[in-house]
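[1] here you go, sequence then predicted model.
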Amino acid sequence: MTVITRHTAPKPTSTAHPPVSGLRGYTPSLALRTGLLASGSALLCLWAAPIRAETAPNAAYLHMPHTQPDTQPDATAATTTVTAPAHVTGARIVTITPPASQPPQSGFWDNSRLLPPLTSRPEAYGQPQSLELKPLPTALLHQGPWGVFNTNTGAAAGFGTVGYYAVSRWAEDWSSLRDKRNRLDPMDVLKYIPFNTEGDIYLSLSGNFRQHNFYDQRAGFGSTKKEPSYRNNFRWNTGADLHLGEHVRLYGELMSGQAAGVNYYGYAGGRWRSRLDVQQAFVEVRGKVLNATVGGMAGRMTFLDAPPYFTAGSVYPSLPYSWNGLRGYAFWKNFRIDGFYLTLTNTAPSAMFHDQVGWNSRLFGAYTSYAVPSFKFLGRNSQVFVDTFYLGFILSKSALPTLEGGSIAGSTHRDTPGTRIWGNAGPLEFSVGAMWQGGEFRAAKNGPTRPVSAYAIDATLSWRFAKWPGHPAIGIQVDSVSGGNMHKDQNSSWGSFMSPYIPSAYYLDISTYIGQSNLIDVGPIVTIAPTSNTTLLLKVPAVWRNSRQDAIYANGTAFYAYRPHGAYTATLPQASFTWRATRHITLGIDGEYIFASHTMTNAGATSGAFVQSNIELTF
């Protein structure tokens, strides 16, 4: 029998229903749209309260207490044992109620009531953070009923990170606010608006404003001919999450984004500049089947159930990826499975509310994760996950590079089975993944069809010095991603691995000049929390081409015209600093210098700096 220990305020007399995390319908109702628009005005109140750091890569944080804490509960706390809710199978919940007379901490910037645990965006889950210092009050975590899969701020559940706020706002659960003693924030009045006496029909409103500013000394190794380039973009979005009891939920989200600058580049395609439109709209149904929490989602939604080196939350464009289709999931105590068939939203139409269900890009497959029973190693709680998955995608527009610096137009279908083992064993934090990729490339205008055979191996390994100042994790990152051979004839197999949906910018290269195709990289990585509300990432990857007969890729679907002779490409020292000023305000700055290799400069490339500043307001 599992014992889950958590700190919380006393429960009200009504029984709390489990939160819902999951479905989308295509068009929000009039009432829903009204709620979405009304919630935008709440952004004016952000100065009064606190945020989830969407731009905080690899942040150390206080671990969700999915296992028993190392120390016994405080003797002054009242302890009661209650029956486990339906979504925690075979578990006994020990609720530790802090004394009502406990005084709040003084101060503003360092007030623990204003600062939830430091969390990271999905970019970070290639580098697990398992810093477990002490149990956290449930009022500081708004995660779904996913048990052990709430580890690492919920990244293991497959819905993106979920701490105080989530990357996908529908993944948050605010039902704990039925007890008013869990309300820590003036904005909490918008997070739980009940419509019945039982409290299981309620509305949660959300909003976000984000601005990024970019400086590129010589963007894309100088390939853009914009020297220097100053870019900026911003987006705002409002969401409404309507729970109709514990089994049905409707979610809708509106989003708008703009971009400008001096000597700017790369704004085509609708993801940097977009008038107001429906970013997400879905319906979700959830229940208990075969002793599992089972749910189905239909509509327009975000999707993050993939390793960060395959796809992530889209750091830089104004609009994240938005998908249309079906998704189903099932959670048992130590095992989960997720199945999906999705098409990428076409954001190219410039008119308001004219985004379309696109068919040029499709993603489908299944993802499973097994949570190895938790254990102790070197005196620390440990948790390891073993993931297996199949990710298939079809791109109606794709291209292969040529020796002359040009391209061969066509389409591609890729099948990508893979596995990933990740988590922590005591102070050792690790992620090791392998993928093989098959399929075919079809040249345009009835050209030849070429089979694909490619692979990717991605690994990070760090040692957490939890008792040192800043709790640093010091380690190494190694990746090997296969490349093709442009010297082969047009009927031969193609060997370049493709990750078309933009892997995490913070996984390898924050400038995003180098993508996850045809590369080998190795370098040290350090994550540290200098203070309770700041995080710092330092890394220095050195990058080579895996195949000298293939191009250098900016991302899975774009490559440079440079054709250097040597394999060594660049060294990329970089740093990312994030300050969570309050729960609602996060500031950050990222910097990198791209040292192009001698063979790259001989081929026409140049070295240069990249700097990005970030501000984010969230409620």
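    Looks like it arrived, so ask away. Residues are numbered from 1 along each chain as shown.

[2] just give me the neighbour total for residue 268.
    Neighbours of residue 268 under the rule other CB atoms under 10 Å: 9. (C-beta placed from N, C-alpha, C; glycine too.)

[3] with the one 3 residues further on instead?
    Using other CB under 10 Å, residue 271 has 23 neighbouring residues.

[4] okay, the residue lying closest to it once chain neighbours are set aside: pLDDT?
    Nearest non-adjacent residue to residue 271, counting by CB to CB, 6 or more residues apart in numbering: residue 317, 4.0 Å away. Turning to residue 317, the model gives it a pLDDT of 89.

[5] for the top strand by length along the chain, C-alpha coordinates in PDB please.
    Looking across the chain with DSSP state E, the single longest strand is strand 380-401. This file holds the C-alpha atoms of strand 380-401, laid out as PDB (Å, rounded to 0.1, in the frame of the first residue of the first chain):
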ATOM      1  CA  ARG A 380      17.400  10.500  -1.400                       C
ATOM      2  CA  ASN A 381      14.000   9.700  -2.800                       C
ATOM      3  CA  SER A 382      14.300   8.400  -6.400                       C
ATOM      4  CA  GLN A 383      12.000   8.000  -9.300                       C
ATOM      5  CA  VAL A 384      12.700   6.600 -12.700                       C
ATOM      6  CA  PHE A 385      10.400   6.400 -15.800                       C
ATOM      7  CA  VAL A 386      10.700   4.000 -18.700                       C
ATOM      8  CA  ASP A 387       8.900   5.500 -21.800                       C
ATOM      9  CA  THR A 388       8.200   3.700 -25.100                       C
ATOM     10  CA  PHE A 389       6.500   5.500 -28.000                       C
ATOM     11  CA  TYR A 390       5.700   5.600 -31.700                       C
ATOM     12  CA  LEU A 391       5.600   9.000 -33.400                       C
ATOM     13  CA  GLY A 392       4.500   9.200 -37.000                       C
ATOM     14  CA  PHE A 393       4.100  12.300 -39.100                       C
ATOM     15  CA  ILE A 394       3.300  13.300 -42.700                       C
ATOM     16  CA  LEU A 395       4.600  16.500 -44.300                       C
ATOM     17  CA  SER A 396       3.100  17.400 -47.700                       C
ATOM     18  CA  LYS A 397       5.900  19.900 -48.100                       C
ATOM     19  CA  SER A 398       9.500  18.700 -47.400                       C
ATOM     20  CA  ALA A 399      12.900  19.000 -49.100                       C
ATOM     21  CA  LEU A 400      16.300  17.400 -49.300                       C
ATOM     22  CA  PRO A 401      19.500  19.300 -49.700                       C
END
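
[6] which other helices and strands contact it?
    Packed against strand 380-401 by the contact rule (3 or more CB pairs under 8 Å, 6 or more residues apart in numbering; DSSP states H and E) you find strand 356-371, strand 407-425, strand 428-443.

[7] so what secondary structure elements neighbour the longest one?
    In this structure, strand 407-425 packs against strand 380-401, strand 428-443, with contacts taken as 3+ CB pairs under 8 Å, 6+ apart.

[8] please identify which of these is closest to residue 308.
    With respect to residue 308, and counting by CB to CB, the nearest of the helices and strands packed on strand 407-425 is strand 428-443 at 8.8 Å.

[9] and that closest one, what's buried?
    428-431, 433, 435, 437, 439-441, 443 (16 or more other CB atoms under 10 Å).

[10] quick one, which of the helices and strands packed on strand 380-401 gets closest to residue 322.
    Smallest distance to residue 322 across the helices and strands packed on strand 380-401 (CB to CB): 9.6 Å, for strand 356-371.

[11] just the angle for the closest one relative to strand 407-425, thanks.
    30 degrees (axes from the mean of the first three to the mean of the last three CA atoms, to 10 degrees).

[12] now for strand 356-371, which elements pack on it?
    For strand 356-371, the packing partners by 3+ CB pairs under 8 Å, 6+ apart are strand 323-331, strand 335-346, strand 380-401.

[13] distance of residue 176 from residue 414?
    Plainly put, residue 176 is 42 Å away from residue 414 if you go by CB to CB, to the nearest Å.

[14] sorry, back to before: mind putting the helices and strands packed on strand 380-401 into TSV with distance to residue 299 and mean pLDDT?
    TSV is the format used below for these (distance: least, CB to CB, whole Å; pLDDT from 0 to 100):
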stretch	distance to residue 299	mean pLDDT
strand 356-371	10	94
strand 407-425	25	95
strand 428-443	28	95
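
[15] in JSON lines: these, plus distance to residue 567.
    Formatted as JSON lines, those follow (distance: least, CB to CB, whole Å):
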{"stretch": "strand 356-371", "distance to residue 567": "31"}
{"stretch": "strand 407-425", "distance to residue 567": "22"}
{"stretch": "strand 428-443", "distance to residue 567": "21"}
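
[16] report the rounded mean pLDDT for stretch 590-606.
    Averaged over stretch 590-606, pLDDT sits at 96.

[17] same check on stretch 395-402?
    For stretch 395-402, the mean pLDDT works out to 93.

[18] which residues touch that stretch?
    Residues from elsewhere that reach stretch 395-402, judged by CB atoms under 8 Å, 6 or more residues apart in numbering: 359-361, 407-413, 441, 484, 486, 494, 496, 500, 550-551, 557, 559.

[19] sorry, back to before: now the angle between strand 335-346 and the longest strand of the chain, please.
    On the basis of the same axes, to 10 degrees, strand 380-401 is oriented at 30 degrees to strand 335-346.
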